[in-house]
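Asks: Need a 3D model of the following:
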Amino acid sequence: MLFNIVGESLNQMLSKAVRNGLFSGFVVGRGSNSVEITHLQFADDLMIFCDASLVQVHNIKRVLRVFELASGLQLNLKKCRIFGINIPDSVTSDWAAVVGCDVGHFPAEYLGLPLGPKRNSIALWDPVVAKFSTRLASWKANSLSFGGRLVLLKSVLSSLPIYYLSILQLPSSVYKKLQSLMSNFLWGSSSEKRKIHWMKWTDICCPKFLGGLGVIDPKFQNRALLGKWVWKFANEKDNLWQQIIRCKYNYSVNSLLPIDPGQRRMSMLWNGVIKSFFKDDACGNVMRNNFMLQVGDGQSISFWSDIWLGDTPLKIKFPRIFALSRNKMGMIAEFGKKEEPGWNWNFQLRRQLYDWEISQWEDLMALLRSFRASNLNSDWVCWAGSSDGKYSVSSFGKFFSKQREGDFEWSRLVWRGIAPPKVEFFYWLVVQNRIPVKVELVKRGVSSITELSCPLCGNKFETAAHLLFNCDISWLIWMQFAAFWGLSLVLPENPISFLYAWEGARHDVSSDSIWHLIPFVIIWSIWLTRNEIVFEKKKVDVSQILYVAKSRLAFWFKAKHPESVLSREDIFTDPLLADKSKNMGKSRSRLVSWSPPPSGTLKLNVDGAVTRDGGLGGVGGLLRNSEGKCLLSFSRHVGQVPPLLAEILAIKFGLEIFFTSVWRYEVSLIVESDSLKAVEWVSNPSSCIGLYSDLVKEIADLAGTSFISFRYISRTCNIDADSLAKRGIG
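Replies: Got it, this is the predicted structure:
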């Protein structure tokens, strides 16, 4: 706390010096719409801005000297630097001598980011590229398996460039360098030895459930991180950076989303944010379409031009009424007055409507009557991709992935987490027909291969499907394992068909069954045997392949299910025993139902519900005594709200109804909700920051008595309240 007091004291002294005219900083904007910046405090760093004047430099020196005398602390001027903008070096040197510090030169670095470079120059990104090259060195790739490379690749992406990517727009040339480094590392390629890249980078960056590896693409990560500044611009109106942006680019105080200024010159940082948000591509469209305007007081949302009711602006949906309106640029508050549960609308048209225009007028009125007012005091921007309406990089990635559909069940058939990572990675390549068998190598220009026959049987071309499934040797291995369950299989011609056939061969198989592990074991065993034959000139031995595969199956199964009473020897002898083991698998928690409160206590269960399209919401709840008897219940429509807001409103309305009932003074009350975040916030209002803080504080004030407690419960305990909330949607 000492640092906070000292920092605040220095801030107060500098602010008073500015008010007394001792020095002044730079001004952004003009007239009343302007902001003056004199000093900024970041942790233990302080930046002071003043006009280019020797007098002001002397005054700053005096203020700092007074601070040293008053606080007993001494500033380390050896770590301080003075920068001059459009000032001769000789003048800056004289001023530095007055202060007793060194002269700084641009470009420099401050708080880990470059200060004063050319607009998004390539050299600005050299530190990031250099760190990537060091962490993704080729010697590391040679010492790691594919699974290990993938883990390291993801860890590098999630840490190294994120600071730069969250502020600066990634240039295309830098992106290509980073992409090349990551792709070469994954496939083990280097400047000395070029290796085949079996999959396109765009496919690798797809989520696992869509057939990729889930590697985060730096360009996509950059777009998602820059999008957060748009959300902050809309909802964090008290921040200094936002005030500077509004003044510099003449944004209205009430504007929620930034506008595209076209060819207007902007700063390097804000230019990157605007370009990313308004770019006409998949990322830009998802971002713009899901930043939804939520009406509070109607002061910041344009009635005709913004998308706030439906999916298109009202001026496009009702062009004739818009043409006749006297107020084409007005905000929602200028067209009506907020009244529970909706709005009282008041329009002024230039003339009376003709008969053929009345139908459009009636459609507009019907749409406006269906609009329900929210409980927020001001307009805000809601992110449709998360339950609490707040934008985050992870929610953007998940929401963006949901827009795409896959035609193969990767999560169920490949990425099970039951085999070692390198084996699942190879399994993924097998399904994609991207393993280095002879036919595939010839397709990719490997000229040293003259013999294309299968190493195991020698009587057919070596393709992935033939080697692993339809070769005589591999077929015998598959049949040996199927025989333990008394099955006889016909193996399909391609990997995908085979996986579906293997899954469908047994209808009684559970998710923890050893049956799911067998394809990983056999495919990996056959592949290692094939490599020994090709590179070490070993002979084919079916009994040896079967022995190794059964041993591997026993080891992997025990590693996945250490609680099983079976030994590795038991599983090796008869894999069917694993399905009969009673202790195998994860224990399933039993369903928990609602329980009545203690005698002399009432229990209020509340819940909120929102339609899947993020549209209308409802809240509901019921009050019951220790005998389980329902004393009162409620259902209410709450308009267009995010799910978390609906949960908080359910608690608020439930308490309001309780305090108007005859039981409000007689007993203690337990309030239960299945929203963990809502319960945490109302129990500790200081933990809630941002959009819902006023509402949570209102609930805390309402429940500011000792006989009320809040509890989180599972959804199975809150079924009755959930039904009432869904009824409230209407």
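Asks: any weak-confidence spans in the stretch 601-730 of the chain?
Replies: By pLDDT under 70, the low-scoring segments of the stretch 601-730 of the chain are 612-615, 666, 689-690, 705-706.
Asks: which residues in it form strands?
Replies: For the stretch 601-730 of the chain, the strands defined by DSSP state E, counting those that start in this stretch cover 601-610, 616-624, 630-640, 668-673, 708-712.
Asks: Can you lay out those strands as JSON lines showing mean neighbour count?
Replies: (Each C-beta comes from the backbone N, C-alpha and C, glycine too.) What follows is the strands of the stretch 601-730 of the chain, written out as JSON lines (neighbours: other Cβ atoms under 10 Å):
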{"stretch": "strand 601-610", "mean neighbour count": "25"}
{"stretch": "strand 616-624", "mean neighbour count": "24"}
{"stretch": "strand 630-640", "mean neighbour count": "18"}
{"stretch": "strand 668-673", "mean neighbour count": "22"}
{"stretch": "strand 708-712", "mean neighbour count": "16"}
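Asks: Figure out which of those is closest to residue 289.
Replies: With respect to residue 289, and counting by Cβ to Cβ, the nearest of the strands of the stretch 601-730 of the chain is strand 630-640 at 15.5 Å.
Asks: Note down every partner strand of the closest one and its orientation.
Replies: Counting by DSSP bridges, the strands paired with strand 630-640 are strand 616-624 (antiparallel).
Asks: Need the residues that contact stretch 696-715.
Replies: Counting by Cβ atoms under 8 Å, 6 or more residues apart in numbering, stretch 696-715 makes contact with 592, 594, 605, 648, 651-652, 655-656, 659, 667-676, 679-683, 685, 688, 722, all of which sit outside it.
Asks: Can you say which of the strands of the stretch 601-730 of the chain is nearest to residue 292?
Replies: Each of the strands of the stretch 601-730 of the chain has some distance to residue 292 by Cβ to Cβ; the shortest is strand 630-640, at 8.2 Å.
Asks: quick check: angle from that closest one to strand 601-610?
Replies: Computed with axes from the mean of the first three to the mean of the last three Cα atoms, to 10 degrees, the direction of strand 630-640 lies at 30 degrees from that of strand 601-610.
Asks: now strand 630-640, how far from the chain's geometric center?
Replies: 32 Å (Cα atoms, centre = their mean, to the nearest Å).
Asks: Quick check: beta-bridge partners of residue 381?
Replies: Residue 381 forms beta bridges with residue 293, as assigned by DSSP bridges.
Asks: what does residue 673 give?
Replies: Using DSSP bridges, the bridge partners assigned to residue 673 are residue 712.
Asks: sorry, back to before: just the ones in helices from the contacts of stretch 696-715, please.
Replies: Counted as lying in helices by DSSP state H, out of these, are 648, 651-652, 655-656, 659, 676, 679-683, 722.
Asks: wait, which of those is closest to residue 98?
Replies: Comparing every one of these with residue 98 (Cβ to Cβ), the shortest separation belongs to residue 681, at 52.2 Å.
Asks: distance of residue 15 from residue 22?
Replies: Residue 15 is 11 Å from residue 22, where distance means Cβ to Cβ, to the nearest Å.
Asks: out of the two, which sits in the more crowded spot?
Replies: Each of residue 15 and residue 22 had its neighbours counted (other Cβ atoms under 10 Å), and the higher figure belongs to residue 22 (17 against 12).
Asks: Now do the same contact list for the residue lying closest to that one once chain neighbours are set aside.
Replies: Spatial nearest neighbour of residue 22, chain neighbours left out: residue 59 (4.1 Å); criterion: Cβ to Cβ, 6 or more residues apart in numbering. Contacts here follow Cβ under 8 Å, 6+ apart; on that basis residue 59 touches 17, 22, 23.
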